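Novice: Next come a sequence and a model predicted from it.
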Amino acid sequence: MIFPNLLFYGDWGLFALRLAVAAVFLVHGLSKLKKYKEMGTSMGVPGWFILGLGLAECLSALGLILGLYVQLAAAALIAVMSGAIYFKVAKWGMKFTAPSAMGWEFDFILLASNLALLLTGGGNIGLL
């Protein structure tokens, strides 16, 4: 181990991960809540579906920020990101990455980050 003393700060590392993941989902969730009808039409899904995704993303983000039900929030966001990756790969034929377009690499790192939070519980910094 190169930096064994840093292991003492593992909870702070998980807290930073929770805040970073929450920031992304809060921004995207709020956008969905504001534009759910237009987004649903452009994506070919009902507006209520986008509204539900926006609510799930915002509530899960708040859970991550506060440290409330971190594993439940992470599991919900894993489901969201699994669906996003499915749509991008199976429905829209997107590649992992592309020079002129966004692939699903961003979705993949969010999926992996939430998996880490699910498996670790997100650390001991927060309300619960």
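Specialist: Arrived safely.
Novice: looking at this structure, which helix or strand is least sure?
Specialist: helix 36-43 (a mean of 90; mean pLDDT, DSSP states H and E).
Novice: So which elements touch the next helix-or-strand element following it?
Specialist: Later in the chain than helix 36-43, the nearest helix or strand by DSSP states H and E is helix 47-66. Under the contact definition 3 or more CB pairs under 8 Å, 6 or more residues apart in numbering; DSSP states H and E, helix 47-66 sits against helix 10-34, helix 36-43, helix 70-86. (Glycine included, C-beta is placed from N, CA and C.)
Novice: Confidence-wise, which of the ones you listed is weakest overall?
Specialist: Among those, helix 36-43 has the lowest mean pLDDT, at a mean of 90.
Novice: start to end distance for stretch 30-44?
Specialist: In stretch 30-44, first residue to last residue: 20 Å (CA to CA, to the nearest Å).
Novice: In that stretch, which residues have enough neighbours to count as buried?
Specialist: For stretch 30-44, a neighbour-count test (16 or more other CB atoms under 10 Å) marks 32-33, 36, 39-40 as buried.
Novice: now that stretch, how far from the chain's geometric center?
Specialist: 18 Å (CA atoms, centre = their mean, to the nearest Å).
Novice: Could you tell me the angle between the one helix or strand Ala112 maps to and helix 10-34?
Specialist: Per DSSP H and E: Ala112 is located in helix 105-120. On the basis of axes from the mean of the first three to the mean of the last three CA atoms, to 10 degrees, helix 105-120 is oriented at 130 degrees to helix 10-34.
Novice: farthest pair in the buried residues of stretch 30-44?
Specialist: Using CB to CB, the buried residues of stretch 30-44 reach their maximum pairwise distance at Leu33 and Gly40, which is 12.2 Å.
Novice: Quick check, Ala74 in contact with Leu111.
Specialist: No. The pair Ala74 / Leu111 is not scored as a contact, 10.1 Å apart, by CB atoms under 8 Å.
Novice: more crowded one of the two?
Specialist: For Ala74 and Leu111, the more surrounded residue by other CB atoms under 10 Å is Ala74, and the numbers stand at 25 against 19.
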